[in-house]
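*Asks:* need a structure here:
(one chain, ligands or ions: 1)
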Amino acid sequence: MSATTYNPFENAQIQFDAIAENLGLESGMRELLRQPMKEIHFTIPVKMDDGSTKVFQAFRIRHNNARGPGKGGIRFHPHETADTVRALAMWMTWKCAVVDIPLGGGKGGIICDPQTLSKSELEKLCRGYVRKIWNQIGHEIDIPAPDMGSNAQCMLWMMDEYETIVAGHYPGVITGKPVGMGGSLGRTEATGFGVIYTLKDLLRYMNIPIGTTTASIQGFGNVAEYAAQMYTELGGKVIAVSCWNQADKTAYTFKKSGGCNIAELVKIKDSFGSIDKTKAQSLGYEILHGDDWIKQEVDILIPAALENQITPAVFPNISKKVKVICEAANGPTTPDCDKLIKERGIEMLPDFLCNAGGVTCSYFEQVQCNMNYFWDKAEVLEKLEYSMTKAFRAVYDLAKEKNIYMRDAAYIIAINRVANAVKLRGWA
Ligand code: NAD
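*Replies:* Presented below is the predicted three-dimensional model:
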């Protein structure tokens, strides 16, 4: 089934409802936690380079702030919808809770295709976003960050606009900024490295040496690149990566049976994570259909691009060799496919645990900004690995103790923590 037939927010609610039922949450608590607490829908007019005005639709949605200020990226994507942002905001609440950082869940989005905007149009869009919601964000309210299609430069323009409006220095208003401008060392790598920290722990428990494994990855953007880098450094072999090609408006899979050379691919990709087809071909890569990444005979599948990619329709294409699905992206598996994955006995590293390295490092960035004292990279990565490993072990141990799917175990831990905060505050 194609990605467009699934609604990510419905998926997020289906996942929540099942665990709420299992935990016996009372109805008021369920009603509160299954929807966002606050939504802002707005437009951003941008004077384009050709003199015309283009109006962009945008969102900032806060799912829950019982455990701390909202936290979550701003996605720049042509197919962004309010429901995608709602789902991502909800998953952020569970993500911050599962890694036990004192933050809630939020998310933003702008319906736009950043690849078609000039630098000055992109800057105007970023500044326009902040002009519309500056009084709804802040290090004590809601802290945005980058997501698909946005980057450190976008965050810096946003911080600068905020500081201009409120007339002061508030680097903790936003994370994912460039290093030297309030950014944290290690933030760029954090999500991808965090994915592999959890994978490494899981494989150790499964008694599989990581150096004997192979993987296929969907996406070659920020998360996928650093996941691939750390995975290959640990001895794993990436057989294929797929990515979107803007010129052809098509996705392709780049395959090398002997293993992709990640450093080589990084050199021929653009800032949006698209690999140059012609250059890849000349380096000996086979170029396959975009969906072929999932068909590879590998031990590990790493979806690191979009939601709703692993569905019952594509499940039969997954090789019997696959032992682990490592959800680097948010919501890549649909709830109806979870059943099939469980039945086949594939281990699932669920998204809001597996890709929590980004928000954990964003939290570190905020802490460093608030102290105005910055740690070196080794210290950041050491703290990151400690947090990811601790969260993974709690989830894994619960899953084994209760003989349940790891996604369910992660949900039980996260929902219990948030529900407890809600109760202590007296909201429900
Ligand atoms: P990115 O914009 O840097 O990269 C996205 C990648 O996906 C690109 O390589 C793009 O070509 C590829 N892609 C897009 N459509 C595709 C398709 N149809 N088939 C194959 N590839 C396709 O984004 P990112 O920051 O790497 O985020 C990837 C995923 O990880 C998203 O789900 C995001 O929400 C999630 N995530 C990101 C972070 C972070 O810190 N960046 C943190 C947690 C979760």
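
*Asks:* quick check: residues of the stretch 51-200 of the chain near the ligand?
*Replies:* Contact residues, the stretch 51-200 of the chain versus the ligand (C-beta under 6 Å from any ligand atom): P146, D147, M148, G149, T191. The C-beta positions use only the backbone N, C-alpha and C, and glycine is treated the same way.

*Asks:* can you count the residues close to the third one?
*Replies:* Neighbouring residues of M148 were enumerated by other C-beta atoms under 10 Å; the total is 23.

*Asks:* and it, that's in a strand?
*Replies:* No. Read with DSSP: H, G, I helix; E, B strand; the rest coil, M148 is coil and lies in no strand.

*Asks:* got a list of what it touches?
*Replies:* Shown in contact with M148 (C-beta atoms under 8 Å, 6 or more residues apart in numbering): G73, R75, F76, H77, G221.

*Asks:* circling back to that earlier point, now the buried members of the residues of the stretch 51-200 of the chain next to the ligand.
*Replies:* Buried subset of those (neighbour count, 16 or more other C-beta atoms under 10 Å): P146, D147, M148, G149, T191.

*Asks:* just flag the most distant two among those residues.
*Replies:* G149 and T191 (14.7 Å; C-beta to C-beta).

*Asks:* what strand or helix carries A12?
*Replies:* helix 8-23 (DSSP states H and E).

*Asks:* please compute how far the next helix or strand after that helix lies from its chain's middle.
*Replies:* Using DSSP H and E, the helix or strand that follows helix 8-23 in sequence is helix 27-33. Centroid displacement of helix 27-33 relative to its chain, using C-alpha atoms, centre = their mean, to the nearest Å, is 25 Å.

*Asks:* now do stretch 334-341
*Replies:* The answer for stretch 334-341 is 20 Å, by C-alpha atoms, centre = their mean.

*Asks:* which parts of the lengthiest strand in the chain are buried?
*Replies:* Criterion DSSP state E: the longest strand present in the chain is strand 53-64. Across strand 53-64, burial judged by 16+ other C-beta under 10 Å covers F56, A58, F59, R60, I61, R62, H63, N64.

*Asks:* what's the neighbour count on the residue of the stretch 151-300 of the chain found nearest the ligand?
*Replies:* The ligand sits closest to G221 of the stretch 151-300 of the chain, with a gap of 1.7 Å, by C-beta to the nearest ligand atom. Burial of G221 is recorded as 23 neighbouring residues (other C-beta under 10 Å).

*Asks:* could you report the pLDDT at it?
*Replies:* At G221, the model reports a pLDDT of 94.

*Asks:* then T4?
*Replies:* 46.

*Asks:* around the ligand, pick out the residues from the stretch 201-350 of the chain.
*Replies:* 218-224, 242-244, 251, 273-274, 290, 304-306, 328-330.

*Asks:* closest to R131 out of the buried residues of strand 53-64?
*Replies:* A58 (10.9 Å).

*Asks:* from G219, how far out is the closest residue to the ligand within the stretch 1-150 of the chain?
*Replies:* Nearest to the ligand, among the residues of the stretch 1-150 of the chain, is M148, at 3.9 Å (C-beta to the nearest ligand atom). In this view, M148 and G219 are 9 Å apart by C-beta to C-beta, to the nearest Å.

*Asks:* same thing with Y162?
*Replies:* 30 Å.

*Asks:* with the buried residues of strand 53-64 in mind, which one is nearest to F42?
*Replies:* A58 (5.5 Å).

*Asks:* nearest residue to the closest one in space, please, no chain neighbours.
*Replies:* I110 (4.5 Å; C-beta to C-beta, 6 or more residues apart in numbering).

*Asks:* assumed the one you found was part of a strand.
*Replies:* Yes. Counting by three-state DSSP, I110 falls inside a strand.

*Asks:* isn't it right up against T43?
*Replies:* No. Using C-beta atoms under 8 Å as the test, I110 is too far from T43 to be in contact (10.2 Å).

*Asks:* so which of these two has more stuff around it?
*Replies:* Comparing I110 with T43 by neighbour count (other C-beta under 10 Å), the higher total belongs to I110, at 26 against 10.

*Asks:* contact partners for the more buried one?
*Replies:* I44, F56, Q57, A58, F59, I74, R75, F76, E80, L125, Y129.

*Asks:* who's in contact with the fifth one?
*Replies:* Put plainly, it is F59. E39, I40, H41, F42, E80, A82, V85, K107, G108, G109, I110.

*Asks:* kind regards, and thank you for your time.
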